[in-house]
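Undergrad: any chance you can model this:
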Amino acid sequence: MSYLRLTIASFLALAAVLTMPARATAGEPDFLALSLGYYDMFDDMQAAEGRVEYRFDSEHKLLFFTPHIGFMATSDGGTYGYGGIGVDIFLGRRVVMTPSFTVGIYGNGGGKDMGYPLEFKSGLEVAYRFDNYARLGLSFHHISNAGLDERNPGEETLAVTLAVPMNVLFKGR
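TA: This next block holds a predicted model:
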């Protein structure tokens with residue numbers, strides 16, 4: 001499947017998920033999310049990926065979208081600083097599905113040349129939600145420059161993510 005098709009399929013999947021009925025939840029906290037993953041898993045520049053993300057609380061929603069900012073780095077020197085939106089879809093009380101979309105600046109370091117500094121990331125995270133609101137899940141993301149440059153190899157990452165509410169991290173301070 002070409003990267004353009006994969007990007008289009010990601011956007012169509014995101015649109016389909018956004019039109020699904022979601023159970024309303026109030027008072028979702030802000031999170032610090034830490035991820036560790038397998039970068040460029042379908043191509044020839046595989047590396048380890050680490051990601052740190054700040055996800056804003058439900059009081060900062062834009063319509064039903066939750067904004068977030070983050071930074072990603074790979075074991076071969078690639079970096080990606082980004083900002084974007086996601087939407088939490090609750091499947092019962094414990095399972096949270098979160099499609100997301102970001103835009104950011106990519107630097108290849110000693111790693112994969114993505115063709116252009118401006119890159120877009122679309123993805124899906126499925127997580128288990130604990131009683132204290134912390135989440136542990138798997139995420140799959142695709143990064144691409146959407147054809148802004150002739151070189152547009154794209155990459156896919158599978159990662160494990162732990163999202164901890166900020167009030168849990170800083171309890172008693």
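Undergrad: sec struct for the nearest residue to Asp76 once chain neighbours are set aside, please.
TA: Excluding the flanking residues, the one nearest Asp76 by Cβ to Cβ, 6 or more residues apart in numbering is Gly111, at 3.6 Å. Quick note: C-beta positions are derived from backbone N, CA and C, even for glycine. Following DSSP: H, G, I helix; E, B strand; the rest coil, Gly111 is assigned to coil.
Undergrad: how close does Gly111 sit to Leu32?
TA: Computed as Cβ to Cβ, to the nearest Å, the Gly111 to Leu32 distance reads 25 Å.
Undergrad: all helices in the protein, in order from the N-terminus.
TA: For the chain, the helices defined by DSSP state H occupy 3-18, 166-169.
Undergrad: which of those has the lowest average pLDDT?
TA: Note on the helices of the chain: lowest mean pLDDT is at helix 3-18, with a mean of 50.
Undergrad: ok so, going back, between Gly111 and Leu32, point out the one with more neighbours.
TA: More crowded of Gly111 and Leu32, by other Cβ atoms under 10 Å: Gly111, with 22 against 16.
Undergrad: against Phe170, how distant is the more buried one?
TA: Per Cβ to Cβ, Gly111 is found 34 Å from Phe170.
Undergrad: equivalent analysis for Gly50, please.
TA: As for Gly50, its distance to Phe170 is 22 Å (criterion: Cβ to Cβ).
Undergrad: pick out whichever of those two has more residues nearby.
TA: Each of Gly50 and Phe170 has its neighbours counted (other Cβ under 10 Å); Gly50 has more, 15 against 9.
Undergrad: what bridges to the more buried one?
TA: Beta bridges link Gly50 to Leu36, Ala73, judged by DSSP bridges.
Undergrad: doesn't Ala33 make contact with it?
TA: No: assessed by Cβ atoms under 8 Å, Gly50 is found out of contact with Ala33, at 11.5 Å.
Undergrad: give the contact list for the residue nearest to Asp76.
TA: Counting by Cβ atoms under 8 Å, 6 or more residues apart in numbering, Gly111 makes contact with Tyr39, Met45, Ala47, Thr74, Asp76, Gly77, Gly78.
Undergrad: local confidence estimate at it?
TA: At Gly111, the model reports a pLDDT of 91.
Undergrad: okay, now the nearest residue to Phe42 once chain neighbours are set aside: neighbour count?
TA: Using Cβ to Cβ, 6+ apart and skipping the chain neighbours, the partner closest in space to Phe42 is Glu156 (5.3 Å). A count of nearby residues for Glu156, using other Cβ under 10 Å, gives 19.
Undergrad: could you double-check that Glu156 sits in contact with His142?
TA: Yes: using Cβ under 8 Å, Glu156 is in contact with His142, at 5.2 Å.
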